[in-house]
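[1] fold the following, please.
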Amino acid sequence: MSTYSLLQVSLDQTIDRESLEEASVVVPSIARADCAHLQRDLFGIVVSNLPLEEAKAFQAELKRRGFPTDVVADDELPVLHEPFTIQRIETGAEALVFTDTMGRQQTRTLDDLVFVAGGFLTQSKLKPVMVMESGSPARLHSFQDPAHLERRHRVQDSPEFRLDFFFCSAPNRLRASVSAESMMFFQGRPLRLGDTALLLGAMMDLQELLPPERVGAGLRRSDTKTFYPSLRSYEEEIRWHFHRLTPRG
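    Next up is the predicted model:
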């Protein structure tokens, strides 16, 4: 059975959680508790995988609350290519030069560039931590004794700055990222998470590569404190842009 998504008409649209919860009453597939997550991740795609009847009913209730949407079949939404990771980016008048961590270089013409996205996001990652074994004797400095420690993993939110370049030809998607553990190079300069001025400068330079409708909203922001709440929200916004750029969209 085909399923459907509700897409925002504009990324500038907002709706409060209470209104979203009220509208969701007509959708058996959406629990009231899901609305907090839906509101947090409003970056183009409101919700997916709904039967057509539920999608239309939800659309009507949202419209009544001043939040118009489009109903789109899920199989019409673009699926993003797997990224090819690069570390260095050089921009020129007619081409871009990318280099990966192995020093392998590729030159791509601007005529081949379809879309560029980027911005700050929060990644949830499993990180190892050392904790006291349950039932171990509670004595001073026992935490320093390896016999009383065990390795576990906990989910922690980690900030990241990411760039994605999409091309007509393969490899279709090139990605660079900056995190607490990694850096990228832009125009020969190293970029780290704390390099606010350099990151903003890179974002401004990349905006000039393409018309505004082919540049992700995250790159058009003028600060380094506005985050996508998840990788999913970042990628859903790209898919929303792609749908609008395609002839069917």
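
[2] which outside residues touch stretch 70-84?
    Taking Cβ atoms under 8 Å, 6 or more residues apart in numbering as the criterion, the residues outside stretch 70-84 that touch it are 2-7, 9, 45, 48-49, 52, 55-56, 59, 100, 164, 166, 171-175, 235, 238-239, 242-243, 246, 248-249. Quick note: C-beta positions are derived from backbone N, CA and C, even for glycine.

[3] now the helices for the chain?
    17-23, 34-40, 52-64, 196-207, 231-245 (DSSP state H).

[4] list the helices and strands the fourth one packs on?
    So the one you mean is helix 196-207. In terms of contacts (3 or more Cβ pairs under 8 Å, 6 or more residues apart in numbering; DSSP states H and E), helix 196-207 is packed against strand 113-132, strand 184-186, strand 189-191.

[5] just name the most buried of the helices of the chain.
    Relative to the other members of the helices of the chain, helix 231-245 carries the highest mean neighbour count by mean count of other Cβ atoms under 10 Å, namely a mean of 19.

[6] export it as PDB, just CAs?
    In PDB, the C-alpha atoms belonging to helix 231-245 read as follows (Å, rounded to 0.1, in the frame of the first residue of the first chain):
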ATOM      1  CA  LEU A 231      20.900  14.600  11.200                       C
ATOM      2  CA  ARG A 232      17.500  13.500  10.100                       C
ATOM      3  CA  SER A 233      16.100  17.000  10.200                       C
ATOM      4  CA  TYR A 234      19.100  18.200   8.200                       C
ATOM      5  CA  GLU A 235      18.600  15.600   5.500                       C
ATOM      6  CA  GLU A 236      14.800  16.000   5.400                       C
ATOM      7  CA  GLU A 237      15.300  19.700   4.600                       C
ATOM      8  CA  ILE A 238      17.600  18.700   1.700                       C
ATOM      9  CA  ARG A 239      15.000  16.200   0.400                       C
ATOM     10  CA  TRP A 240      12.300  19.000   0.700                       C
ATOM     11  CA  HIS A 241      14.400  21.300  -1.400                       C
ATOM     12  CA  PHE A 242      15.000  18.600  -4.000                       C
ATOM     13  CA  HIS A 243      11.300  17.800  -4.300                       C
ATOM     14  CA  ARG A 244      10.600  21.500  -5.000                       C
ATOM     15  CA  LEU A 245      13.400  21.600  -7.600                       C
END
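
[7] low pLDDT regions in this structure?
    Counting by pLDDT under 70, the low-confidence segments of the chain come to 124-148, 151, 153-155, 247-249.

[8] export the helices of the chain to JSON lines and append columns for distance to Asp111.
    Output for the helices of the chain, formatted as JSON lines (distance: least, Cβ to Cβ, whole Å):
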{"stretch": "helix 17-23", "distance to Asp111": "42"}
{"stretch": "helix 34-40", "distance to Asp111": "38"}
{"stretch": "helix 52-64", "distance to Asp111": "38"}
{"stretch": "helix 196-207", "distance to Asp111": "17"}
{"stretch": "helix 231-245", "distance to Asp111": "16"}
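
[9] of all the ones you listed, which one is nearest Thr91?
    Nearest to Thr91 among these is helix 196-207; the distance by Cβ to Cβ comes to 6.3 Å.

[10] distance from the chain centre to the closest one, please.
    Using Cα atoms, centre = their mean, to the nearest Å, the mean C-alpha position of helix 196-207 is found 18 Å from that of the whole chain.

[11] coming back round to it: out of the helices of the chain, nearest to Gly216?
    Where those are weighed against each other on Cβ to Cβ, the nearest is helix 231-245, at 6.2 Å.

[12] which one of the helices of the chain lies closest to Glu94?
    Taking the helices of the chain one by one with Cβ to Cβ, helix 196-207 is closest: 15.2 Å.

[13] need the CA coordinates for the closest one. CSV is fine.
    The C-alpha atoms that make up helix 196-207 are tabulated as CSV, following Å, rounded to 0.1, in the frame of the first residue of the first chain:
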residue,chain,number,x,y,z
THR,A,196,33.3,31.1,14.3
ALA,A,197,34.5,33.8,11.9
LEU,A,198,36.1,31.3,9.5
LEU,A,199,33.0,29.1,9.5
LEU,A,200,30.7,32.0,8.8
GLY,A,201,33.1,33.2,6.1
ALA,A,202,33.0,29.8,4.4
MET,A,203,29.2,29.7,4.6
MET,A,204,29.0,33.1,2.9
ASP,A,205,31.4,32.0,0.2
LEU,A,206,29.4,28.9,-0.5
GLN,A,207,26.2,30.9,-0.8
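
[14] please consider this matter closed, and thank you.
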